[in-house]
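J.: Predicted model follows, preceded by the sequence.
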Amino acid sequence: MGKLQQFEITFDNSKVMYSPGESITGTVSVKVGQSLPCKAIKVNCNGFCGITTKVNDTAWTLEEQYFNSTVSVSDKGTLKQGEHTFPFKFLIPATAPTSFEGNYGKIIYRVRAFIETPRFAKDYNIEKAFYLLSLLNLNEVPDIWGTCLSEVTQQFTYMLVKTGTVVLKAQTDMKGYTPGQIIQVTAKIHNQSGKNTGNMAASLVQRVTYETKRPTHDLRNIADVEGGAVKAGKEVEWKEQIIIPPLPQSSLAGCDLIKIEYYVKVSLKSPDVMLTLPIHIGNVSLDKKLHPSKKAAHSSSDAAEVTPGANSDSSTSATTLTLPPRPAPKPAPRPTPRPRVSSHNSPSAPPADYRLGAEGGAPVNDGFPNKRQSQLVSPNAFSYAPGLFFPQNQPPSGPGTAASGSTGATAPYPTEHAASSAPTALILPPEYDTSAYPQDHLEKLGGVCVNANVQVRASRVSEDVLQLAP
C-alpha cells in the first residue's frame, strides 16, 4: 500500500444501528510506513435519499439530503511513521427517516474520512455505513384499531352464453402488525354460477412508490398461501395464516421521495376476482390496553367508583357547615280506605219511568243491582250539603236511628274493620223523624237525596191512610 498501510473507521462499541437524535462516536485509524505530508484529515457524516428510474442504478435522478456534517481532526502537517488515531462525534437529527434500500432508491447514512495531500499527490478516502431506525409505534397510527374488511362482486361469462356471479368477502383480524406476528385471514366465497372456481389465494404484498417525474411502483409478494376451489352454487369460508418476516416499516417519516405500503391480496384464479386489505407494519405492536373504547370504559368505571365518595363527602361537609339541624319528618297520615256501598242503598236519581207524584210507591227493586254496584264512594262526598253528616267508625245511637227497611233513604257507610257486607243502621238528617213536612228539609239539599225525598213522601201518604181508617 506504499506509505499508507491502514486507513479505517471504527464506531464505538462496534455499534452500527442508531436512532434519530442519538450521537454517533468513533475513531479514524491511520497507519503509515513512512512520513506522509497532508493538508488535513477530515471526517464527514451525512444522510440522504436518492432515487432513479433504472434498477440498481446509483446515478440518482432525484436526491433529498437530511444532514451533512464535516469536522477536521488534523490540520496541515506530516504524519510520522506509525499508527495515528483521531476521534470524532456527530449528532443525528431527530427528523431523519429510517434507512431503506430498494430497487429504485435508497436512504443511506455513512461516515467518510479524507486525507488531503499536497498538490500532485494522491488523496485517500474511506467510508463506512451505519443504519438508522426510527421506531413506528402502531398505537400512534390513526384509525389503527379494529379489523380490515372488504367485499367485491364479480360477474363473468363462460361457455360464451352463460353468465355467473361470484361474491368475495375477506377480512384480517387487525390493521397493524410487527415482524414475527401472524395475520389471520378469513375469506367467504359465494359461487352463484354454474361453474367451479379456481383455487383461492392470499398474499402479503409490499408496494414501494418512488416519486420521480413519473412515479415508479415496485410490487413484491412477500408471502403466499393457497386454498382450494369453490364448487358451483356453493358458499365456502376459508381461513388462513400469514407469518410476517423482517420487513421495513410502513411509514418512512421524514422522507418525501419513497413511500412504502403493505396489503393482503385475496383472489381467485378463475374467474379473475381480487380484493386488497391494507395493513400497517411497524416496530411497536398494538397494546389492547390502549384501545380507545376500553380506555374510555376503564376511565368511566373509575370515575363511577370515585365520584359517589367525593359527592358524599362534599354534601356532608356542606350540610355540616351551612344547614341547621332539622327535626325528623313526621310520617304522612294514612288515607282512609274507601268502603264499597251497595247501589240500592246509595242516593241516586229515580228511574226515568217513575213519577214523583205517584201515591204509595214501592221501594226500588233490590233484587237487581244497578251499574253503581261496585263504585267506591268517599265518606265526604256529600259533606257540602247543609245539615248532612256521615260519622265514621261510630255506632249509631239516639232518636234518629231507624231500621234499614223503615225508609231506605240515606247512604250507610260500613265501619273500617267490618267483616260482613250487610248494611249497618241508618242515620237520618236532623228532625227527619219528628218534622211534619220532611220535604222542606230535603229541598234544601238541592236534589242530592232525591230518592230519599220520594221514599219519605211515600211514608207520609201511608200514615194519612192509617189515620182515616175506622
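T.: Cool, got the structure. Remember, it's a predicted structure, so these values are computed and weren't measured experimentally. Residues are numbered from 1 along each chain as shown.
J.: Contacts only, for residue 123.
T.: 114-117 (C-beta atoms under 8 Å, 6 or more residues apart in numbering). From N, CA and C alone the C-beta is placed, and that goes for glycine too.
J.: change it to 6 Å
T.: 116-117 (C-beta atoms under 6 Å, 6 or more residues apart in numbering).
J.: just the strands in the stretch 201-350 of the chain please.
T.: Along the stretch 201-350 of the chain, the stretches classed as strands by DSSP state E, counting those that start in this stretch are 216-226, 235-243, 258-268, 273-281.
J.: residues making contact with the second one?
T.: So the one you mean is strand 235-243. 182-183, 185-190, 200, 202, 204, 223, 225, 227, 230.
J.: now, which of these sits nearest residue 147?
T.: residue 186 (9.1 Å; C-beta to C-beta).
J.: And that closest one, which helix or strand is it part of?
T.: If you go by DSSP states H and E, residue 186 is part of strand 182-191.
J.: between that strand and strand 235-243, what angle do the directions make?
T.: Relative orientation of strand 182-191 and strand 235-243, computed by axes from the mean of the first three to the mean of the last three C-alpha atoms, to 10 degrees: 160 degrees.
J.: Name the surrounding residues that touch strand 182-191.
T.: Here strand 182-191 makes contact (C-beta under 6 Å, 6+ apart) with 166-173, 197, 202, 230, 232, 234-243, 266.
J.: Now do it against strand 216-226, angle only.
T.: Going by the same axes, to 10 degrees, strand 182-191 makes 80 degrees with strand 216-226.
J.: List the buried residues of strand 182-191.
T.: 183, 185-187, 189-191 (16 or more other C-beta atoms under 10 Å).
J.: Residue 169 is in contact with residue 149, isn't it?
T.: No. Using C-beta atoms under 6 Å as the test, residue 169 is too far from residue 149 to be in contact (7.5 Å).
J.: So which of those two has more stuff around it?
T.: Each of residue 169 and residue 149 has its neighbours counted (other C-beta atoms under 10 Å); residue 169 has more, 17 against 12.
J.: does the more buried one sit in a helix or strand, and which one?
T.: Counting by DSSP H and E, residue 169 is part of strand 162-172.
J.: Any idea what residue 163 is bridged to?
T.: Beta bridges link residue 163 to residue 157, judged by DSSP bridges.
J.: Quick one: neighbours of it, just the number.
T.: Under the neighbour criterion other C-beta under 10 Å, residue 163 is assigned a count of 11.
J.: Hmm, it is touching residue 157, no?
T.: Yes. Applying C-beta under 6 Å, one finds residue 163 in contact with residue 157, separated by 5.1 Å.
J.: For residue 117, which residues are in contact?
T.: Per C-beta under 6 Å, 6+ apart, neighbours of residue 117: 38, 123.
J.: mean confidence for the strand holding residue 186?
T.: Averaging pLDDT along strand 182-191 yields 95.
J.: strand partners of that strand, parallel vs antiparallel please.
T.: If you go by DSSP bridges, strand 182-191 pairs up with strand 162-172 (antiparallel), strand 235-243 (antiparallel).
J.: what's the angle between the first one and strand 273-281?
T.: If I follow you right, that is strand 162-172. Using the same axes, to 10 degrees: strand 162-172 against strand 273-281 is 10 degrees.
J.: could you give the mean pLDDT of strand 162-172?
T.: When pLDDT is averaged over strand 162-172, the result is 91.
J.: same thing with the last one?
T.: Computed over strand 235-243, the mean pLDDT rounds to 95.
J.: Buried residues in it, which are they?
T.: Applying a neighbour-count criterion of 16+ other C-beta under 10 Å, one finds 236, 238, 240, 242 buried in strand 235-243.
J.: TSV for these, including distance to residue 44?
T.: Converted to TSV, the buried residues of strand 235-243 look like this (distance: C-beta to C-beta, whole Å):
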residue	distance to residue 44
236	61
238	55
240	50
242	43
